[in-house]
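J.: Below is the sequence, then the predicted model.
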Amino acid sequence: MKGPWIWIGASALVVLLAVSLGFVLMAAGRSEPLQTMQIDDLPVLGRADAAHEIVLVTDYGCPACKRFHAEMLPRLMARFVDGGQAKIRVLAFPIREGSTELAHAVTCLQERPGVDTKALYDRVYGQDLVGLAAPELARRLIPDATPADGFGAAQLSACMQRPDIAQRVERQRYRAIVHGISSVPTVVVDRVLMPEPWTFGCYEAALNAPKTEAR
């Protein structure tokens, strides 16, 4: 019985050291350029062949991220994503206390075949889920007793404990840190950091789109 737990503990230690190294590099002003950020493995909203790429760095338990999801994301979707001009990739960066488990749950749910990623984010941001234990968090995210695909709350709770899920979340966290990202929500458009992510006109300028509204 000791074998799996030793492996899990060792994996967690490696992840912790990697994240700590990322903070050291960032503090030393040695962040990696955004042009080298790996993003192809991140969940995507929109068409995979869209010409432009928006990376949203978010914490699923962050109040400002919830506000961004409610106020800015629908405008970005309607203006750039639904028409195929851009796609949005989402990088999980759980920095608020208690939000790491939530990132594990979202990562598990994104594995489900045919998952509606936008609907999943609506469900996550529409509730106060930070700090809940895995069983209760799973029940909140999968309220149906017998989902059609058989992946219920018990399966989600078990998935959240998998070492590979923890590693995937920590790799995303480390990825944000080594590229100099320290807050959420942060937005990167075509590998360029958006200085004013709450100003819609900045997206139009970055994507060479004509303004459609008075600001």
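T.: Here it is on my side, so go on. Bear in mind that the values here come from a model prediction, so they are computed numbers and not experimental data. Numbers count the residues shown, from 1 in each chain.
J.: Now do the helix or strand harbouring Ile165: distance to the chain's middle.
T.: Element membership for Ile165, per DSSP states H and E: helix 163-178. For helix 163-178, the separation from the chain centroid amounts to 10 Å (computed by Cα atoms, centre = their mean, to the nearest Å).
J.: what comes up buried for it?
T.: Using 16 or more other Cβ atoms under 10 Å as the test for burial, helix 163-178 gives 165-166, 168-170, 172-178. Bear in mind the C-beta positions are built from the backbone N, C-alpha and C, glycine included.
J.: Val184: which of those is nearest?
T.: Within the buried residues of helix 163-178, distances to Val184 taken as Cβ to Cβ reach their minimum at Ala176, with 8.5 Å.
J.: quick one on the thing from earlier: and the helix holding Ile165, what does it pack against?
T.: helix 2-27, strand 86-92, helix 100-109 (3 or more Cβ pairs under 8 Å, 6 or more residues apart in numbering; DSSP states H and E).
J.: Can you name the next helix or strand after it?
T.: Next along the chain after helix 163-178, with elements defined by DSSP H and E, is strand 186-189.
J.: Okay, now the sheet partners of whichever helix or strand comes after that following strand, with direction.
T.: Using DSSP H and E, the helix or strand that directly follows strand 186-189 along the chain is strand 192-193. Here strand 192-193 is paired, per DSSP bridges, with strand 186-189 (antiparallel).
J.: Let me see the mean pLDDT of the strand it pairs with.
T.: The average pLDDT for strand 186-189 rounds to 98.
J.: How confident was the prediction at the closest residue to Arg168 other than its chain neighbours?
T.: Closest residue in space to Arg168, ignoring its immediate chain neighbours: Thr107 at 5.7 Å, by Cβ to Cβ, 6 or more residues apart in numbering. Thr107 is assigned a pLDDT of 97 by the prediction.
J.: quick check, nearest of the buried residues of helix 163-178 to Tyr60?
T.: Val169 (10.5 Å).
J.: wait, doesn't that closest one sit right on Pro94?
T.: Yes: counting by Cβ atoms under 8 Å, Val169 touches Pro94, with 6.8 Å between them.
J.: Please identify every residue contacting each of the two.
T.: Residues touching both Val169 and Pro94 comprise 100, 103, with contact defined as Cβ atoms under 8 Å, 6 or more residues apart in numbering.
J.: mind checking which helix or strand Leu76 is in?
T.: Using DSSP H and E, Leu76 sits within helix 73-76.
J.: What mean pLDDT does that helix get?
T.: 97.
J.: cool, stretch 132-150 as well?
T.: According to the model, stretch 132-150 has a mean pLDDT of 88.
J.: ok, the residue nearest to Leu141 when sequence neighbours are not counted to Ile88 distance?
T.: Nearest residue to Leu141, sequence neighbours excluded (Cβ to Cβ, 6+ apart): Ala105, at 5.8 Å. From Ala105 across to Ile88, the span is 20 Å (Cβ to Cβ, to the nearest Å).
J.: For the residue nearest to Phe68 when sequence neighbours are not counted, the count of nearby residues, please.
T.: Among residues not flanking Phe68 along the chain, Pro185 sits closest, at 4.4 Å (Cβ to Cβ, 6+ apart). Look at Pro185: counted by other Cβ atoms under 10 Å, it has 21 neighbours.
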